[in-house]
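> Attaching a predicted model along with its sequence, questions to come.
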Amino acid sequence: MANEFNIRILKKAHQDIQNISKWYDLMEAGLGQIVKQKVRDSINKLAEFPFFQIRYNDVYCKPLRNFPVTIHYKINEIKRIVSIVAVFHDREDSVKWFRK
């Protein structure tokens, strides 16, 4: 679609996704890959529908269905870019996220 936003995933967010995947694999073999795919699917949907929920000044949040994981991102409407800044396991301390 011509009106879609470009997606940019910051290095820190890639690391978050890997860490969450590893954590879920420790809970059950193969579960990490399922969570990782759900994160990717959700991120891809942001290209079309990025204005989900603004939570912190200019940071939007999109929770994952069926897992306590939230995608944190910023939107540049002029350049039409969605920048994924973090992928946060909701059971982590939220103060820790702000320090990152």
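Done, it's in.

> Output the longest helix belonging to this protein.
Scanning the chain for the longest helix, with DSSP state H as the assignment, gives helix 11-27.

> So for that one, what gets flagged as buried?
By 16 or more other C-beta atoms under 10 Å, the buried positions in helix 11-27 come out as 13, 16-17, 20-21, 24-25. Heads up, the C-betas are built off the backbone N, CA and C, glycines and all.

> Which SSE is immediately downstream of it?
helix 31-45 (DSSP states H and E).

> Does anything pack onto that following helix? Which helices or strands?
Helix 31-45 makes packing contacts with strand 6-9, helix 11-27, strand 69-76 when contacts are defined by 3 or more C-beta pairs under 8 Å, 6 or more residues apart in numbering; DSSP states H and E.

> Quick check: next helix or strand after it?
Following helix 31-45 in sequence, per DSSP H and E, is strand 54-56.

> And the contacts of that next one?
Outside strand 54-56, the residues within contact range by C-beta atoms under 8 Å, 6 or more residues apart in numbering are 60-61, 72.

> No further questions, thank you.
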